[in-house]
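S.K.: Build me a structure from this.
(4 chains)
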2 protein chains.
Amino acid sequence: MARRVRLDDVAAAVGVSPASASLVLRGAPGPSAATRARVLEAAQRLGYRPDRAASLLASRRSRLIGLLIDVRSAFHAEVAEQLQDAAEDRGYDVVLSTVTRRRGQARAVETLLDSRCEALVLIGPEAPQPDLERLAATVPLVVLCRRLEAATGPDVVRTADQAGTALAVDHLHRLGHTAIAYVDGGIGTIAEDRRDGYLRAMGERGLAPRVLPSTGPTGPTGTESTGIEAAAHLLDDLPTAVVAFNDRTAVGLLDALARKGISVPEDLSVVGYDDQPLARLAHVGLTTVGQDTEALTARALDAVVARLDGGREGPGPEQVLDPYLAVRRTTAPPRVSA
Amino acid sequence: MARRVRLDDVAAAVGVSPASASLVLRGAPGPSAATRARVLEAAQRLGYRPDRAASLLASRRSRLIGLLIDVRSAFHAEVAEQLQDAAEDRGYDVVLSTVTRRRGQARAVETLLDSRCEALVLIGPEAPQPDLERLAATVPLVVLCRRLEAATGPDVVRTADQAGTALAVDHLHRLGHTAIAYVDGGIGTIAEDRRDGYLRAMGERGLAPRVLPSTGPTGPTGTESTGIEAAAHLLDDLPTAVVAFNDRTAVGLLDALARKGISVPEDLSVVGYDDQPLARLAHVGLTTVGQDTEALTARALDAVVARLDGGREGPGPEQVLDPYLAVRRTTAPPRVSA
DNA sequence: CGGAGTGTTTAAAGCGCTTCAAGTCCAAGT
DNA sequence: ACTTGGACTTGAAGCGCTTTAAACACTCCG
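M.R.: Numbering: from 1, shown residues only, chains lettered A, B, ... in the order given. The predicted model follows:
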């Protein structure tokens, strides 16, 4: 295994100083076109690859953005991919750190910090707000998809979850539904917001809300089984439409309903939340509320860049994006009033 | 934003040389218990965090393993998580790089190499074998879940895919099935192996194989829609059992069958492949073939460590693990012969 | 009491790159 | 002919840490 080609090797091959070679290879202004061409050629020929660690150490800037993800989540994955591409366009690089069951968020954040990240992006962090504020004092921090009470430190970019469930209720109401139930998602800011949005939207229309509790605090919440259990409760007194906390719950619900011989959307309309790939599948065709991931990551990156390159100091305004409603095949006018 | 605490600061605070502090903080032998305690205390008090880039640069070793994943794949995610934990136990760290639609495998590998990774793990790389061989000449390389013809360079750790489909056929045959169809997964080493396994297993039992082609080369292969299409073909001449290339295909199949009023497993048994979380869901209960991810990652790490710490030079033996069969609710004896 | 031996500590030399002050060179200006 | 300024180039000083060999302080032994 041959020794790695260094900058000095390239410089020596061309007969210029390492300093010049460095400038050329980073596209910095200074070197003449002739030098530039020769250095580039040599670098190419020798197969030179700059040493990341060395440049990080030498340059004051690292142009690295740390992204903390739970690699098992499809949504996180999507954000990662888009942030990666968006960052690249702005000359930044993204370093990923993943939480595992053993390795908590704190550990993962440390790894990121140790890697000289200049800013951190956390997706729906569960850490208590004071912890986030403290972290924000150390490094520019963007909190994605999580509401904070009067955020002072971190920048917040999120979707208006309340508006999302309201959108769902509105859609159903326009179709003629009045008996619209909601399957809850348990505790957490997001679940709260979605529930509130539902309750408010129902209230505004003078409709009686009906919230089916999520699976008890013991089991996991917002999964297919939540939907299956909810279906059991629903059967006693069937509404004409149901809004579920998320798509997985909705899918569980759908499955349980199918087994009971209740046809969707004829007997019952169902709306999910998240617009997961799952929901888009032709044979599921779930009407669902979604958030614009691309806009979300773009805003997050903007916030980072505003601090890093723009020199913004205080926290920016909380960025709240509007959710959208993807109408598919699980909603229709109620049978009786049609 | 206060300047970062450096090793020198810690050393100065205690009144020892940076060299000693360095030794203590890395748990290297040398420093006395007294010094050790004082340095540790100071580091703690000052909130010292070693600079990753600097230590990488200074130490000859980086103890970094690069893992290339497609962050959208659940399987990759699982591997990432497990490799992360396993590596930690051996004193290695994992750096993740993700391919995006824009950013191919090659680019991602470069990033990893630039980060001073000492070894690379690729999951089911699609690159042609010569490329992999070339890469393996540069850096210790482990190829996970992909068969190579007479691998000379990279270490290979995979599951015997042929044995997997054979397992499925065997299970069905024992239940009394003889008309067992297979839904193909298109091109690629994995799809080939699974198909071959099916064909061979059928042949050995004197059964007539029936392979339903995967969706044409235009569309994506091995998805739910593959299963849906296959179901349409199946209806003309219903076998008593079907083995699908993977779980997603099986789920599509299941869904389409349900719509046609064909009940599983009464009318038709279905076996998937991958044992995805999806398959394990209570309301799916798919009988499926799975691979032992934990063993897979453990072997991969062993291979890496054998080269890095053990000084192994040549390629190790190809590691082929046995798949397992998870029998759930989609398989039963055929109606007639029961 | 000198020196071998043991256990600790540290000075100093980098790791490979960036950066910036300080050149060098040459054409234009006076 | 002699400065002036612009366009390039480069020497040298780090970035924050590791590592090696050498220095140091003892204790133990003959």
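
S.K.: Assign residue A:68 to helix, strand or coil.
M.R.: strand (DSSP: H, G, I helix; E, B strand; the rest coil).

S.K.: Help me confirm that residue A:121 is found in a strand?
M.R.: Yes: the assignment for residue A:121 (three-state DSSP) places it in a strand.

S.K.: mind listing what residue A:247 touches?
M.R.: A:272, A:273, A:274, A:275, A:276, A:278, A:279, A:286, A:288 (CB atoms under 8 Å, 6 or more residues apart in numbering or on different chains). Glycine gets a C-beta too; all of them are placed from N, C-alpha and C.

S.K.: Of these, which belong to helices?
M.R.: A:278, A:279 (DSSP state H).

S.K.: Redo the contacts of residue A:247 as TSV? Include pLDDT and distance to residue A:66.
M.R.: Output for these, formatted as TSV (pLDDT from 0 to 100; distance: CB to CB, whole Å):
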residue	pLDDT	distance to residue A:66
A:272	96	31
A:273	95	28
A:274	92	25
A:275	92	27
A:276	86	25
A:278	76	29
A:279	83	30
A:286	94	34
A:288	97	31
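
S.K.: Show me which residues of chain A sit near DNA strand D.
M.R.: A:16-20, A:23, A:30-35, A:54, A:57-58 (CB under 7 Å from any atom of the strand).

S.K.: just for chain A, where's the confidence low?
M.R.: In the predicted model, chain A carries pLDDT under 70 at residues A:1-2, A:151, A:215-219, A:282, A:315, A:336-338.

S.K.: where exactly do the helices run in it?
M.R.: A:7-14, A:18-25, A:33-46, A:52-58, A:74-89, A:105-114, A:129-138, A:161-175, A:189-204, A:224-236, A:247-259, A:277-280, A:293-308.

S.K.: okay, those helices, which one's buried deepest?
M.R.: A comparison of the helices of chain A by mean neighbour count, using mean count of other CB atoms under 10 Å in any protein chain shown, puts helix A:247-259 on top with a mean of 24.

S.K.: quick one, it and helix A:74-89 angle?
M.R.: 140 degrees (axes from the mean of the first three to the mean of the last three CA atoms, to 10 degrees).

S.K.: now the angle between helix A:224-236 and helix A:247-259, please.
M.R.: 50 degrees.

S.K.: same for DNA strand C: which of the contacts of residue A:247 are within range?
M.R.: On the criterion CB under 7 Å from any atom of the strand, none of the entries of the contacts of residue A:247 sits beside DNA strand C.

S.K.: Settle this for me: residue A:173 is touching residue A:179, isn't it.
M.R.: No: assessed by CB atoms under 8 Å, residue A:173 is found out of contact with residue A:179, at 10.8 Å.

S.K.: ok so, going back, and which of the residues of chain A next to DNA strand D is nearest to residue B:299?
M.R.: Using CB to CB, residue A:54 comes nearest to residue B:299 of the residues of chain A next to DNA strand D, at 33.2 Å.

S.K.: Relative to chain B, how far out is the nearest residue to residue A:312 once chain neighbours are set aside?
M.R.: Excluding the flanking residues, the one nearest residue A:312 by CB to CB, 6 or more residues apart in numbering or on different chains is residue A:306, at 4.5 Å. Between residue A:306 and chain B the computed distance is 16 Å (CB to the nearest CB, to the nearest Å).

S.K.: now residue A:200
M.R.: From residue A:200 over to chain B (counting by CB to the nearest CB), the distance is 32 Å.

S.K.: check contacts around that residue.
M.R.: A:162, A:166 are the contacts of residue A:200 under CB under 8 Å, 6+ apart.

S.K.: rerun at 10 Å
M.R.: By CB atoms under 10 Å, 6 or more residues apart in numbering or on different chains, the residues touching residue A:200 are A:162, A:163, A:165, A:166, A:169, A:209.

S.K.: could you pick out which of the residues of chain A next to DNA strand D are near DNA strand C?
M.R.: Near DNA strand C, by the rule CB under 7 Å from any atom of the strand, you find A:18, A:19, A:23, A:54, A:57, A:58 out of the residues of chain A next to DNA strand D.

S.K.: Show me which pair in these is furthest apart.
M.R.: A:23 and A:57 (17.9 Å).

S.K.: contacting residues for the closest residue in space to residue A:110 that isn't next to it in sequence?
M.R.: In space, and not counting its chain neighbours, residue A:110 is closest to residue B:49: 7.1 Å by CB to CB, 6+ apart. Residues near residue B:49 by CB under 10 Å, 6+ apart: A:110, A:113, A:114, B:4, B:5, B:6, B:43.

S.K.: Pick out the most distant pair among the residues you listed.
M.R.: Every pair of the contacts of residue B:49 checked by CB to CB; the farthest is A:110 and B:6, at 16.8 Å.

S.K.: okay, now the domains of chain A?
M.R.: What automatic domain parsing lists as the domains of chain A is A:7-50, A:62-159+A:292-321, A:161-291.

S.K.: for chain B, what are the nearby residues on the stretch 101-250 of chain A?
M.R.: A:101-103, A:107-108, A:110-117, A:137-140, A:223-225, A:227-228, A:248 (CB under 10 Å from any CB of the partner chain).

S.K.: out of the contacts of residue A:247, which are inside strands?
M.R.: If you go by DSSP state E, those have A:272, A:273, A:288 in strands.

S.K.: can you redo those residues as CSV with neighbour count and distance to residue A:64?
M.R.: Converted to CSV, the ones in strands among the contacts of residue A:247 look like this (neighbours: other CB atoms under 10 Å in any protein chain shown; distance: CB to CB, whole Å):
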residue, neighbour count, distance to residue A:64
A:272, 32, 36
A:273, 30, 33
A:288, 31, 35
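
S.K.: Within reach of chain B, which of the residues you listed are there?
M.R.: Okay, of the ones in strands among the contacts of residue A:247, nothing touches chain B (CB under 10 Å from any CB).

S.K.: Pick out the residue in the stretch 151-300 of chain A sitting closest to DNA strand D.
M.R.: At 23.7 Å from DNA strand D, residue A:153 is the closest residue in the stretch 151-300 of chain A, using CB to the nearest atom of the strand.

S.K.: Contact partners for that residue?
M.R.: Contacts of residue A:153 (CB under 10 Å, 6+ apart): A:129-130, A:132-138, A:140-141, A:143, A:314-315.
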